[in-house]
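**Q** predicted model and sequence below, questions to follow.
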Amino acid sequence: MLALNLPAYSHKIAVKEGKNCIWDDLRRKYVALTPEEWVRQHFVHFLIEHKGYPAGLMANEIQIRLNGTKKRCDTVLYDRSLTPRMIVEYKAPDVEITQAVFDQITRYNMVLRVEYLVVTNGLRHYCCRIDYSAMTCRFLPDIPFYSDL
C-alpha cells in the first residue's frame, strides 16, 4: 500500500476468503483492505497514539439517518458523556479533497451536530471547528489533541 503522511504503526494484515484484510481495533475484526481503509486505520492509530484520543470513545462506520436514508460516518469521536464531538471522513490517497467531500461530511453533521469535522486522504488532512453560537467555521492548522477539545 501507499506510504501516507501519517506515522507508521504495526498493522495486522491477513488473507480472508482470498482477499487482503486489515485488523480494525475499534470494530475488533478484520475488514477488507481498500485504499480508504488503509487511510482509516492509520489515521485512527494516529489519533490514539499521537493525539491522545481514547479508543473507547471512537467508533467506525456509524450509521445515521439523513432525510430518510441510511448513511455511514467513517469515524465518530465521542466525549466522556457519549456526545458526538468529531466526525472523520476518509478518502483514498488518490482521491482529491474537494468541496464535494466537505459537503458530504457537512450533510452528516446535520444529524450529529459535532464541533469538529476532519477530512483526510492520508496525505492531506483538514480539520475545522464549528462555533454554533457565532455561526462560524474555522479551519485549524493541525488536528487537535484530545485534551484540547
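**A** Arrived safely.
**Q** give me the most central residue, this structure.
**A** By CA atoms, centre = their mean, the mean C-alpha position of the chain lies nearest to Val88, the distance being 2.8 Å.
**Q** double-check that that residue belongs to a strand.
**A** Yes: counting by DSSP: H, G, I helix; E, B strand; the rest coil, Val88 is part of a strand.
**Q** who is it paired with across the strands?
**A** Under the criterion DSSP bridges, Val88 forms beta bridges with Thr75, Val118.
**Q** these two touch, right, it and Thr75?
**A** Yes: if you go by CB atoms under 8 Å, Val88 and Thr75 touch, sitting 4.1 Å apart. Glycine gets a C-beta too; all of them are placed from N, C-alpha and C.
**Q** can you list residues touching both of those two?
**A** Here Val88 and Thr75 have Phe43 as joint contacts, going by CB atoms under 8 Å, 6 or more residues apart in numbering.
**Q** confidence score at the nearest residue to Leu66 once chain neighbours are set aside?
**A** What sits nearest to Leu66 in space, not counting adjacent residues and going by CB to CB, 6 or more residues apart in numbering, is Val111, at 5.6 Å. Looking at Val111, its pLDDT reads 94.
**Q** quick check: which element contains Val111?
**A** helix 99-112 (DSSP states H and E).
**Q** residues contacting that helix, please?
**A** So helix 99-112 is contacted by 64-66, 71, 73, 76, 84, 87, 89, 91, 95, 117, 119, 126, 130 (CB under 8 Å, 6+ apart).
**Q** ok, now stretch 129-137?
**A** 109, 113-117, 128, 138, 140.
**Q** can I get those in JSON lines with distance to Val44 and neighbour count?
**A** As requested, the contacts of stretch 129-137 are arranged in JSON lines below (distance: CB to CB, whole Å; neighbours: other CB atoms under 10 Å):
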{"residue": "Asn109", "distance to Val44": "19", "neighbour count": "18"}
{"residue": "Arg113", "distance to Val44": "22", "neighbour count": "10"}
{"residue": "Val114", "distance to Val44": "17", "neighbour count": "22"}
{"residue": "Glu115", "distance to Val44": "19", "neighbour count": "17"}
{"residue": "Tyr116", "distance to Val44": "15", "neighbour count": "19"}
{"residue": "Leu117", "distance to Val44": "16", "neighbour count": "22"}
{"residue": "Cys128", "distance to Val44": "19", "neighbour count": "17"}
{"residue": "Arg138", "distance to Val44": "24", "neighbour count": "10"}
{"residue": "Leu140", "distance to Val44": "19", "neighbour count": "13"}
